[in-house]
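Peer 1: this is the structure alone, sequence omitted:
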DNA sequence: ATGGCTTATCAAATAAGA
């Protein structure tokens, strides 16, 4: 089974690229982030025509997460237990969506950005990650053999060589010690990085800013990850980052991350 | 010294991204 995750930065703008990507790489399950639309605006027919079932949650032009699957899409869940909310709304943002696809519990996750170290959004980001860690640790405590994939845009740079120049980020989010600790806590809870062993750095990234010619200059960040429970990690045959998708007109600022499971 | 782009939105400036 081939599982991919991709922050598409608007599914309506990117639908053709996503469809081409699915076919080019023969993808079975695709988790997407930043669809930037409501459910009624999602171009569902574009993907059902290709044989995929579609799950999506989006409330506005912000956030939005989705899962496409051609190997089954069962028990769709919006949000994770304990997920913190943002702002004055009582409902949480559209940042987490799960479905069971061929026996794998797939979570499409869009971790809050944090904005700046002094912003309340940064606190929200850390609380969001801590809640996710607690809930995800519970799944493995209940069933150590669970096949769980936590995939998406984590908005964290775990290591110094996951960004082209650490000095540029000395006062920025994404590289701070609390964020890295929050990411590591999920790993320590039993969720391994499924991709890094097959796509080691340095200089291997999943995101390049649209500005400053960051992509042609190879100045990017590794912030999109596929983490997996032990039972899932044992099935990984290979993985890669599709850097080609960042090229050309109409590219998302993120590249897809692909994992092959036996 | 700084920003440079791209997306969405009651359509022109603003918010957000990382």
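Peer 2: Yep, it's here. Owing to the predicted nature of the structure, the values given are computational and were not obtained by experimental measurement. Numbers count the residues shown, from 1 in each chain, chains lettered A, B, ... in the order given.
Peer 1: ok, the strand or helix carrying residue A:32 near DNA strand B or not?
Peer 2: Assigned by DSSP states H and E, residue A:32 falls within strand A:29-33. No - using C-beta under 7 Å from any atom of the strand, strand A:29-33 stays clear of DNA strand B, coming no nearer than 7.7 Å. All C-beta atoms are positioned from the backbone trio N, CA, C, and that covers glycine.
Peer 1: same question, stretch A:248-259
Peer 2: Yes - interface with DNA strand B: stretch A:248-259 contributes A:250, A:253-254 (C-beta under 7 Å from any atom of the strand).
Peer 1: residues of chain A that sit close to DNA strand B?
Peer 2: Within reach of DNA strand B by C-beta under 7 Å from any atom of the strand, chain A has these residues: A:7, A:9-10, A:12-13, A:34, A:36-37, A:41, A:61-62, A:112-113, A:115-116, A:121, A:153, A:155, A:172-174, A:207, A:209-212, A:221, A:223, A:250, A:253-254.
Peer 1: coming back round to it: for ChimeraX, what selects the buried ones among the residues of stretch A:248-259 next to DNA strand B?
Peer 2: Selecting only the buried entries of the residues of stretch A:248-259 next to DNA strand B in ChimeraX, with 16 or more other C-beta atoms under 10 Å as the criterion:
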select /A:253,254
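Peer 1: re the thing from before, and for the strand holding residue A:32, what's in contact with it?
Peer 2: With contacts defined as C-beta atoms under 8 Å, 6 or more residues apart in numbering, strand A:29-33 is touched by A:1-8, A:11, A:18, A:21-22, A:52, A:63-71, A:101-102, A:104, A:106-110, A:149, A:151-153, A:256.
Peer 1: same thing with stretch A:63-76?
Peer 2: For stretch A:63-76, the external contacting residues (C-beta under 8 Å, 6+ apart) are A:1, A:11, A:22, A:28-37, A:42, A:47, A:50-58, A:93-102, A:106, A:108-110, A:152.
Peer 1: that stretch: which residues count as buried?
Peer 2: Buried residues in stretch A:63-76, counted by 16+ other C-beta under 10 Å: A:63-70, A:73.
Peer 1: what of stretch A:82-99?
Peer 2: Across stretch A:82-99, burial judged by 16+ other C-beta under 10 Å covers A:83-84, A:86, A:92-99.
Peer 1: distance between that stretch and the chain's centre?
Peer 2: Offset of stretch A:82-99 from its chain centre (C-alpha atoms, centre = their mean, to the nearest Å): 16 Å.
Peer 1: cool, and stretch A:153-168?
Peer 2: Worked out by C-alpha atoms, centre = their mean, stretch A:153-168 lies 16 Å from the chain centre.
Peer 1: repeat for stretch A:74-86
Peer 2: Stretch A:74-86 has its C-alpha centroid displaced from the chain centroid by 15 Å (C-alpha atoms, centre = their mean).
Peer 1: average pLDDT across it?
Peer 2: On average, the pLDDT along stretch A:74-86 is 96.
Peer 1: same list, the buried residues of stretch A:63-76, but as CSV with secondary structure please.
Peer 2: Listed next are these as CSV, based on DSSP: H, G, I helix; E, B strand; the rest coil:
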residue, secondary structure
A:63, coil
A:64, coil
A:65, strand
A:66, strand
A:67, strand
A:68, strand
A:69, strand
A:70, coil
A:73, coil
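Peer 1: nearest to DNA strand B among those?
Peer 2: Nearest to DNA strand B out of the buried residues of stretch A:63-76 is residue A:63 (C-beta to the nearest atom of the strand; 7.5 Å).
Peer 1: which residues does the closest residue in space to the closest one that isn't next to it in sequence contact?
Peer 2: Spatial nearest neighbour of residue A:63, chain neighbours left out: residue A:94 (4.5 Å); criterion: C-beta to C-beta, 6 or more residues apart in numbering. By C-beta under 8 Å, 6+ apart, residue A:94 lies in contact with A:57-59, A:62-65, A:78, A:110.
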